[in-house]
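Undergrad: need coordinates for the following:
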Amino acid sequence: MVGMIQTGTSEPWDPYMGADVKADILPSVLAEGTVDGKLYNWPIFLDIIVQAWNARLVEKAGLDPSVAPTTWDESSATLRRSRTAGSPRSARRLTAGAGARSRR
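TA: Numbers count the residues shown, from 1 in each chain. Below is the predicted model:
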């Protein structure tokens with residue numbers, strides 16, 4: 001992005017975006033797209049992280065379905081145990097961030 005700014009290929013959004021719109025954007029998102037105090041980039045799609053599981057399958061794996069994993073390591077361990085317990089392939093997906101490969 002910096003190269004495009006330096007060559008004048010990209011222009012800041014600031015003149016086109018009112019303060020009310022900026023107020024609705026998380027400060028960390030604004031900071032990520034700001035160069036030299038001007039907003040050049042802001043994400044259209046933000047990752048939404050959802051954690052869901054089938055309580056019956058989690059219980060079959062010998063785990064407490066009322067206690068959610070809180071780290072990637074715990075999530076991986078839950079996945080491994082569900083594999084051992086014979087959960088269907090479609091129920092065994094773990095994606096760690098954009099571009100990561102799902103494990104089956």
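Undergrad: give me phi/psi at residue 39?
TA: phi -90, psi 110 (degrees, to the nearest 10).
Undergrad: other SSEs contacting the lengthiest helix in the chain?
TA: Counting by DSSP state H, the longest helix found in the chain is helix 72-84. Under the contact definition 3 or more C-beta pairs under 8 Å, 6 or more residues apart in numbering; DSSP states H and E, helix 72-84 sits against helix 55-60. C-betas here are computed from N, CA, C, even on glycine.
Undergrad: and with 6 Å instead?
TA: The helices and strands touching helix 72-84, judged by 3 or more C-beta pairs under 6 Å, 6 or more residues apart in numbering; DSSP states H and E, number zero.
Undergrad: that one: which residues count as buried?
TA: Neighbour-count burial for helix 72-84, counted by 16 or more other C-beta atoms under 10 Å, picks out 75, 78-79, 81-82.
Undergrad: save the residues you listed as TSV, and put in pLDDT and distance to residue 54 too.
TA: Formatted as TSV, those follow (pLDDT from 0 to 100; distance: C-beta to C-beta, whole Å):
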residue	pLDDT	distance to residue 54
75	83	14
78	82	11
79	80	13
81	82	13
82	78	9
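Undergrad: count of neighbours near residue 3?
TA: When counting by other C-beta atoms under 10 Å, one arrives at 8 neighbours for residue 3.
Undergrad: now residue 57
TA: When neighbours are counted by other C-beta under 10 Å, residue 57 comes out with 19.
Undergrad: same check on residue 33?
TA: Neighbour tally, residue 33, other C-beta under 10 Å: 16.
Undergrad: now do it against residue 9, distance only.
TA: The gap separating residue 33 from residue 9 is 16 Å, by C-beta to C-beta, to the nearest Å.
Undergrad: where does the protein dip in pLDDT?
TA: 43-51, 86-104 (pLDDT under 70).
Undergrad: try it again with 50
TA: Under the criterion pLDDT under 50, the flagged ranges of the chain are 91-92, 95-104.
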